[in-house]
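A.B. asks: Show me how the following folds:
(chains A and B)
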Amino acid sequence: MGIIEKAVNWGRIKSPWILHFNTGACNACDIEILAALTPRYDLERFGVQLKGTPRHADVLICSGPVTGQVACRLKRVYEQMPEPKFVVVVGTCACSGGVFDGCYNVKSGIDAVIPVSAYIPGCPASPMAIIDGVAKLLGSLEAKEAKQ
Amino acid sequence: MAHLALSLFYILVFPGLLFLSVFGLAAEYVDRKLYARMQNRMGPPWFQPLADLLKLFGKEDVVPEESNPQIFRLMPVIALTAAVSAFFYIPLWDKNALFAFNGDLIVVLYLLTIPTLTFFLGGWYSTSLYAKIGSVRSVTQLFAYEIPLFMSILSTALLANTWSLSEMTAFYGKNPVYIPVNIVSFFIALIALLGKLEKVPFDIPEAETEIVAGTFTEYSGRLLGFFRLAIDIEAVVGASLLAAVYLPFGLSLPPAFGFLFYVVKVLFMIGLLALLRSVFARLRIDQMVNFCWRYLAPVAFLQLLVTLAVKGVFLR
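C.D. replies: Residues are numbered from 1 along each chain as shown, chains lettered A, B, ... in the order given. A predicted model of the protein is given here:
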């Protein structure tokens, strides 16, 4: 791997910008995601910044089971993000559909619609668990880079 | 040939593009760290702006199908070029700027306006609704802060009786008594600079809680990276301009000390901007225009009258 590629990979690991998307959650996981972004946990230490537009984001953070109405929107938001992109799902519902799995209006977990890189279970997942999940995703990227 | 090579070195390496990029990223780090510390946070590590930039340069650029691809791709580069070229006419750690002529003050102010116009054109031609709203707001804002900024710089130029930045700093270096005369216009220029850099009380064009990311909504990857670098460099150039006009001290020191002194002056300006940014909340566009025309412009005009009076009495 060339030095330029190495530098870009380093930048990618050190500066994940996130986009938060609610795919039908009860709001509990969203509150915990926002709590993780507050000064108390200060995710900017790891270079994480919350962005408003999918064009700026590297990591899509989803919460909640995919409802029938939001599925096509979720796909569109995912497709609007520039490559390389990752998806982190927060909460049991987002991982597998949770208690809503099998409902007439719900399409199970996020991975039924778009590919997912990291699953963070919990009902709701605590801010510490979310930070741990994101750190593990970044760590796995680093390990992948070391192997190449 | 040697002259050409030296000029190219000045433009591309020091104190041109390379130095400015490094200094701009460092200034962004100082700004973000101070902002974080004032919010009782740890803040980003020192390499954060560099990591952001490298990541953006390595990402895919998405060009929207309905946008005008030439203008969409060209605007970030023009913004960067304009910000860098404004730097050469400002006296930094020497009495003379790298390139100086009578009237370079106007050229610098004009070059510092171009990035805002490129934000407008880039946002407008990306045809996203949010980008269009943001770009119209950035031009509306331009008309509000530009006049007070020009008037406050004009009052310092009037007192020094020259249109050249180098001669202005030479004048104030020789007669430091006249620096406090323009103290009010310094604060006006600082507030106007916040508007020019679209920082917090005036970040209305990219208000992320209402219009997604404003002008830059459709920009991604390398093009966004160029825009971010242009804004960082514009911050450094704006801070150097204010430092050269309002704090023209230490210009006759030996080069190494003069350079250190210059860096301290610019970081002081960046610190002031960060302080203002963390103290205030975002205004609405109508409040911003109202504030600039009702308070900032009349005060700048009064400053102009005071300067003229001082000039008439003491400097005949």
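
A.B. asks: and the helix or strand of chain B with the lowest mean pLDDT, C-alpha only, in PDB?
C.D. replies: Between all helices and strands in chain B, the lowest mean by mean pLDDT, DSSP states H and E belongs to helix B:2-12, at a mean of 79. Backbone C-alpha positions of helix B:2-12 (Å, rounded to 0.1, in the frame of the first residue of the first chain) are rendered in PDB as follows:
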ATOM      1  CA  ALA B   2      16.300  32.700 -10.900                       C
ATOM      2  CA  HIS B   3      13.800  35.500 -10.300                       C
ATOM      3  CA  LEU B   4      11.000  33.400 -11.700                       C
ATOM      4  CA  ALA B   5      12.000  30.400  -9.600                       C
ATOM      5  CA  LEU B   6      12.100  32.600  -6.500                       C
ATOM      6  CA  SER B   7       8.600  34.000  -7.300                       C
ATOM      7  CA  LEU B   8       7.300  30.400  -7.800                       C
ATOM      8  CA  PHE B   9       8.800  29.400  -4.500                       C
ATOM      9  CA  TYR B  10       7.100  32.400  -2.800                       C
ATOM     10  CA  ILE B  11       3.800  31.600  -4.300                       C
ATOM     11  CA  LEU B  12       3.700  27.800  -3.900                       C
END
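
A.B. asks: Dump the helix or strand that that helix is followed by to PDB, restricted to CA.
C.D. replies: Next helix or strand after helix B:2-12 toward the C-terminus (DSSP states H and E): helix B:17-38. The C-alpha coordinates for helix B:17-38 follow below in PDB (Å, rounded to 0.1, in the frame of the first residue of the first chain):
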ATOM      1  CA  LEU B  17       0.100  27.800  -0.700                       C
ATOM      2  CA  LEU B  18       1.900  25.200   1.400                       C
ATOM      3  CA  PHE B  19       2.700  27.400   4.400                       C
ATOM      4  CA  LEU B  20      -0.800  28.900   4.300                       C
ATOM      5  CA  SER B  21      -2.500  25.500   4.200                       C
ATOM      6  CA  VAL B  22      -0.500  24.300   7.200                       C
ATOM      7  CA  PHE B  23      -1.100  27.600   9.000                       C
ATOM      8  CA  GLY B  24      -4.800  27.500   8.100                       C
ATOM      9  CA  LEU B  25      -5.200  24.000   9.500                       C
ATOM     10  CA  ALA B  26      -3.300  24.900  12.600                       C
ATOM     11  CA  ALA B  27      -5.600  28.000  13.000                       C
ATOM     12  CA  GLU B  28      -8.600  25.700  12.600                       C
ATOM     13  CA  TYR B  29      -7.300  23.500  15.300                       C
ATOM     14  CA  VAL B  30      -6.700  26.400  17.700                       C
ATOM     15  CA  ASP B  31     -10.200  27.700  16.900                       C
ATOM     16  CA  ARG B  32     -11.900  24.300  17.500                       C
ATOM     17  CA  LYS B  33      -9.900  23.500  20.600                       C
ATOM     18  CA  LEU B  34     -10.600  26.900  22.200                       C
ATOM     19  CA  TYR B  35     -14.300  26.600  21.300                       C
ATOM     20  CA  ALA B  36     -14.400  23.100  22.900                       C
ATOM     21  CA  ARG B  37     -12.500  24.300  26.100                       C
ATOM     22  CA  MET B  38     -15.000  27.200  26.400                       C
END
